[in-house]
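J.: Sequence plus predicted model, see below.
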2 protein chains.
Amino acid sequence: MQGNDRSLAARAAWLSFIGGYTQEEIAQKLGLSRVKINRLIAEATEAGLVRVFVEGNAAECVALEDRIAAHWKLDFCSVSPTVGEGLLPLRTLAAAGAHYLHNVLERGEKKLIGIGHGRTLDEVVKYLPRAKRPSVRFVSLLGSLTRHAAANPFDVIHRLAEVTGAECYFMPAPFFADSMEDKKVLLGQKGLKDVFNLARAAELYVVGIGEIGAHAHMLATGMITEKELREVKLAGAVGEVLGRFLDKNGRPVHAGLNERAVGIKLEEIEGKPVVAIAGGEDKPQAIMASLESRVIKGLVTDEATAKTIVEIIDAGAKAGGLQKAKR
Amino acid sequence: MQGNDRSLAARAAWLSFIGGYTQEEIAQKLGLSRVKINRLIAEATEAGLVRVFVEGNAAECVALEDRIAAHWKLDFCSVSPTVGEGLLPLRTLAAAGAHYLHNVLERGEKKLIGIGHGRTLDEVVKYLPRAKRPSVRFVSLLGSLTRHAAANPFDVIHRLAEVTGAECYFMPAPFFADSMEDKKVLLGQKGLKDVFNLARAAELYVVGIGEIGAHAHMLATGMITEKELREVKLAGAVGEVLGRFLDKNGRPVHAGLNERAVGIKLEEIEGKPVVAIAGGEDKPQAIMASLESRVIKGLVTDEATAKTIVEIIDAGAKAGGLQKAKR
DNA sequence: TCGATGGCTGAACTAAAGTTCATGCCAGAG
DNA sequence: CTCTGGCATGAACTTTAGTTCAGCCATCGA
């Protein structure tokens, strides 16, 4: 396209976008056929002559959603404006996550939902509107007890039972077994087997993402020891999903802790709808690792975190290297 | 429309205009009906959340630009297709003016910008994309209050502050002082002096051009009385820039009103970059007068107005006389 | 001179956007 | 508790936009 055509295209585009005329009207005005005008406008748009700005915070969030969803080929991504300041934007994540979950429940398509763990998920459930869901069942995806078999105060499933009135199955086992032998014994128990089968049959998985920095929640709650954390870190872990520690390429690291985790394996749910709810200053690396694993199909996060992630993507793309090659 | 709705609308609009999804797809994505999405996008557009710029320029417009720029030796001239029919082609001027101003801000070279007044400038600012410009300052070039010291609803500077988040200085004085004595008192005030100094230091001046016909905006808004208007008309005025009424040769007319204007004088900004944004059926004479003054160095206008102006130039040239001799 | 090629055109069709209208729901008054 | 008005909703319809395809014309080489 050049010269005369370009000029006409610009005029047609102006009349269409700024003037708000229909293509028919423009055609009459310029003495051309409507099809011609249609093509001119398409050309102008194609050539980047038309620039559109959409205002509003939401607009920026949507831009981030799109970038992230496209980069990891997610089914969806939800980015909400970050409110509050702390490390964990719990308010935002709770509201956004609850909104998502509420919609899922409201739609009523998913009858059996697998649930992960963590502080964020706990908040999400707290935030969930108290509506009775008799036709839905929830199942815990990993051990629900602490190392010492005490009830886990952050066990999400109990709260869910309370809030939704739905049937909830929890895993009567610790988060991590003390040894592989212990784990074998645990897995051999009938009750646990049943829950595992149920977990495998779930139609949707909602999980949290853990990070392994100084604020690692698992450490704070005594789920794992400092020694264990050091071990997985040394093995290259940058994040954790469903009790599995992943390296930056999303592959489980080789470490005893990973083997001793009592819960459904990531391979077992690959390809099924898995949604992660996570965000916070410490989380970008962990989130990216979990997305790299390709197990996660949907992400609910906050704007600040999303922005960081997109910046990292961009930096990687500019470096021309690894990130891109991996695609 | 507020809050949640507005955010949703922005979201829908983004997905539609930037994301390029169909309304059907957006509906699915957001779990709403297509009709709802259609309405949300309409609302977003209505609320001015969507800004469209067209980069290219039609050949005829470019020709007019060249003629006008050459005739008055302007640094630049922008002519955009006239849309709509009314006296004031606000849509076109707003879009074209905002595009110009947006580019200036984007380039970031001008740190202090002087701003005039008028309905057109107001529309321009309304159309400006909401991007934060912390490094730019705007300063009003003339009194910002009405005769009765009420806030001027068309005061552009306040809207600018809102839109850009930049520091904005307004002139705490009426547009026209009631008497020369009053003016002297006003100008003696410290606060006003500071703003005047800032105004003189600006690196770019963006002004409107007023006409003094039946539709004179200043009359409609009660800035001036009919008697005053008659007076300046009698003195030969055909247009107004920054509160100064000019005759057809671009010289301020001798009239009390001109003396009582509270604002920067044209002489003070002569030689600096002064850009006028103006157009409309009533405006050609006023625009030509302001260009004759040699103060204006750039013009943003619409095609119909530009055409009229060029016709007048040509008529003058053919008449062999005055217009040309003056060059 | 002829035919082949390629690009441009607009009629006709398909898809999308926009509008209308009957309906149901909720709030507030009676 | 019931009635009423207002408003939001989505199915059905209309208008507008976008795409396809057969035909046309100009160009170029044989």
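T.: Sure, I can see it.
J.: Which positions in chain A make contact with DNA strand D?
T.: A:16, A:22-24, A:35, A:38-39, A:41-42 (CB under 7 Å from any atom of the strand). Glycine gets a C-beta too; all of them are placed from N, C-alpha and C.
J.: The biggest helix by length in chain A close to chain B?
T.: Taking DSSP state H as the assignment, the helix of chain A that covers the most residues is helix A:90-107. Yes: under the criterion of CB under 8 Å from any CB of the partner chain, helix A:90-107 makes contact with chain B via A:103, A:107.
J.: Report the buried residues of that helix.
T.: Burial within helix A:90-107, assessed by neighbour count using 16 or more other CB atoms under 10 Å in any protein chain shown, is assigned to A:90-101, A:104-105.
J.: Which strands and helices lie in contact with that helix?
T.: With contacts defined as 3 or more CB pairs under 8 Å, 6 or more residues apart in numbering or on different chains; DSSP states H and E, helix A:90-107 has these neighbours: strand A:76-80, helix A:119-127, strand A:274-277, strand A:298-302.
J.: Any stretches of the stretch 1-150 of chain A with poor pLDDT?
T.: Per-residue confidence for the stretch 1-150 of chain A (pLDDT under 70) gives these ranges: A:1-4, A:84-85, A:146-150.
J.: Do you have the helices of it handy? List them.
T.: Listed in chain order, the helices of the stretch 1-150 of chain A (DSSP state H, counting those that start in this stretch) span residues A:3-13, A:23-30, A:34-46, A:57-72, A:90-107, A:119-127.
J.: before we move on, back to that, what angle sits between the longest helix of chain A and strand A:298-302?
T.: Angle of helix A:90-107 versus strand A:298-302, following axes from the mean of the first three to the mean of the last three CA atoms, to 10 degrees, is 150 degrees.
J.: Show residues contacting helix A:90-107.
T.: Applying CB atoms under 8 Å, 6 or more residues apart in numbering or on different chains, the external contacts of helix A:90-107 come out as A:78, A:80-84, A:110, A:113, A:119-121, A:123-129, A:131, A:133, A:136, A:164, A:204, A:206, A:275, A:277-280, A:300-303, B:31.
J.: circling back: mean neighbour count, the helices of the stretch 1-150 of chain A: which tops it?
T.: Comparing those by mean neighbour count (mean count of other CB atoms under 10 Å in any protein chain shown), helix A:119-127 comes out on top with a mean of 23.
J.: Please name the nearest non-neighbouring residue to the residue positioned nearest the centre of chain A.
T.: With distances taken as CA atoms, centre = their mean, chain A has A:Leu299 as the residue nearest its mean C-alpha position (1.7 Å). Residue nearest to A:Leu299 in three dimensions, not counting chain neighbours: A:Cys77, with 4.9 Å by CB to CB, 6 or more residues apart in numbering or on different chains.
J.: which residues sit in contact with the one you found?
T.: By CB under 8 Å, 6+ apart, the neighbours of A:Cys77 are A:64-66, A:68-69, A:298-301, A:306.
J.: what does chain A put close to chain B?
T.: Among all residues of chain A, those adjacent to chain B (criterion: CB under 8 Å from any CB) are A:3-4, A:6-11, A:13-15, A:17-21, A:44, A:47-59, A:61-63, A:66, A:76, A:103, A:107.
J.: and with 6 Å instead?
T.: Within chain A, the residues that sit near chain B (CB under 6 Å from any CB of the partner chain) are A:6-7, A:10-11, A:13-14, A:17-19, A:49-56, A:58-59, A:62, A:66, A:103.
J.: so where do the strands sit in the stretch 151-300 of chain A?
T.: Applying DSSP state E, counting those that start in this stretch to the stretch 151-300 of chain A gives strands spanning A:167-169, A:204-207, A:210-211, A:239-241, A:244-246, A:274-277, A:298-302.
J.: picking up where we left off before, figure out which of the helices of the stretch 1-150 of chain A is closest to A:Glu228.
T.: helix A:119-127 (19.1 Å; CB to CB).
J.: Please tabulate the strands of the stretch 151-300 of chain A in JSON lines, including the columns mean pLDDT and distance to A:Asp314.
T.: Written out in JSON lines, the entries for the strands of the stretch 151-300 of chain A read as follows (pLDDT from 0 to 100; distance: least, CB to CB, whole Å):
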{"stretch": "strand A:167-169", "mean pLDDT": "91", "distance to A:Asp314": "42"}
{"stretch": "strand A:204-207", "mean pLDDT": "97", "distance to A:Asp314": "27"}
{"stretch": "strand A:210-211", "mean pLDDT": "92", "distance to A:Asp314": "22"}
{"stretch": "strand A:239-241", "mean pLDDT": "95", "distance to A:Asp314": "20"}
{"stretch": "strand A:244-246", "mean pLDDT": "96", "distance to A:Asp314": "22"}
{"stretch": "strand A:274-277", "mean pLDDT": "97", "distance to A:Asp314": "22"}
{"stretch": "strand A:298-302", "mean pLDDT": "96", "distance to A:Asp314": "17"}
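J.: do you know which of those lies nearest A:His217?
T.: Per CB to CB, nearest to A:His217 of the strands of the stretch 151-300 of chain A: strand A:210-211, 6.1 Å.
J.: in its sheet, what does the closest one sit against?
T.: strand A:239-241 (antiparallel) (DSSP bridges).
J.: And the residue of chain A that's closest to DNA strand C?
T.: Ranked by CB to the nearest atom of the strand, the top residue of chain A for proximity to DNA strand C is A:Ser33, at 3.6 Å.
J.: Contact partners for that residue?
T.: A:Ala27 (CB atoms under 6 Å, 6 or more residues apart in numbering or on different chains).
J.: State the distance from it to A:Glu24.
T.: 10 Å (CB to CB, to the nearest Å).
J.: A:Glu106 now?
T.: The gap separating A:Glu106 from A:Glu24 is 42 Å, by CB to CB.
J.: swap in A:Pro284?
T.: For A:Pro284, the distance to A:Glu24 equals 50 Å [CB to CB].
J.: Repeat that for A:Glu43.
T.: With CB to CB as the criterion, A:Glu43 and A:Glu24 are 18 Å apart.
J.: and what of A:Lys233?
T.: Applying CB to CB, the value for A:Lys233 to A:Glu24 is 66 Å.
J.: Ok, A:Phe53 next?
T.: When CB to CB is applied, the distance between A:Phe53 and A:Glu24 equals 27 Å.
J.: repeat for A:Ser140
T.: The spacing between A:Ser140 and A:Glu24, counted by CB to CB, is 60 Å.
J.: What are the neighbouring residues in contact with A:Gly263?
T.: Taking CB under 6 Å, 6+ apart as the contact definition, A:Gly263 lies against A:141-143, A:242-243.
J.: How about it: what's its closest non-neighbour residue?
T.: Once chain neighbours are set aside, the closest to A:Gly263 by CB to CB, 6+ apart is A:Leu142, at 2.8 Å.
J.: The one you found contacts A:Gly243, doesn't it?
T.: Yes: between A:Leu142 and A:Gly243 there is a contact under CB atoms under 6 Å: 4.9 Å.
J.: Now for the residue lying closest to A:Glu55 once chain neighbours are set aside: which residues touch it?
T.: Leaving aside its sequence neighbours, A:Glu55 sits nearest to B:Leu49 (CB to CB, 6+ apart; 4.3 Å). If you count contacts by CB under 6 Å, 6+ apart, B:Leu49 has them with A:55-56, B:10, B:13.
J.: and A:Asp314, helix, strand or coil?
T.: A:Asp314 carries the three-state label helix when classified by DSSP: H, G, I helix; E, B strand; the rest coil.
J.: ok, how many other residues are close to it?
T.: A:Asp314 is flanked by 12 other residues according to other CB atoms under 10 Å in any protein chain shown.
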